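Asker: predicted coordinates and the sequence they were generated for:
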Amino acid sequence: MAKFGDLISEQKPVLIDFYFDWEDQDNGVETLRDVAAALGDKAKVIKIDIKKNESLAEALRVKGNPTFMIYKDGEMKWRQTGEQDANTLIGLVQQYV
């Protein structure tokens, strides 16, 4: 994975989904695909596995699954833990385009 600082320093908004993949739980792939398709090249959409990136998740105090964050120019603009629908995420990201 690229360095986190490089990922979030984009001038366009970056939506990050910190998730832990439970076997019996939908991990929101379709939702994020819908968000990415709707936003096109106006924003980046990234999924980060909490278990594979434990030190990053710990540094950002990610406690819930999923946890969504929006960054722009290296600064966190929004954060929410819990399921979100595609339309909500699209609307939130569009505020920072």
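Answerer: Thanks, I have it.
Asker: what about the chain, any weak spots by pLDDT?
Answerer: Low-confidence segments of the chain (pLDDT under 70): 1-2, 22-27.
Asker: contacting residues for Gly64?
Answerer: Contact analysis of Gly64 by Cβ atoms under 8 Å, 6 or more residues apart in numbering lists 81-82. For the C-beta atoms, the positions are set from N, CA and C on the backbone; glycine is no exception.
Asker: buried ones in the lengthiest helix in the chain, by neighbour count?
Answerer: Counting residues, the longest helix in the chain under DSSP state H turns out to be helix 29-39. Neighbour counts over helix 29-39 (16 or more other Cβ atoms under 10 Å) mark 31-32, 34-36, 38-39 as buried.
Asker: host element of the most centrally placed residue in the chain?
Answerer: In the chain, the residue lying closest to the centroid (Cα atoms, centre = their mean) is Ile16, at 1.4 Å. Element membership of Ile16, judged by DSSP states H and E, is strand 14-19.
Asker: next, count neighbours for the nearest residue to Leu56 once chain neighbours are set aside.
Answerer: Leaving aside its sequence neighbours, Leu56 sits nearest to Phe4 (Cβ to Cβ, 6 or more residues apart in numbering; 5.8 Å). Burial of Phe4 is recorded as 16 neighbouring residues (other Cβ atoms under 10 Å).
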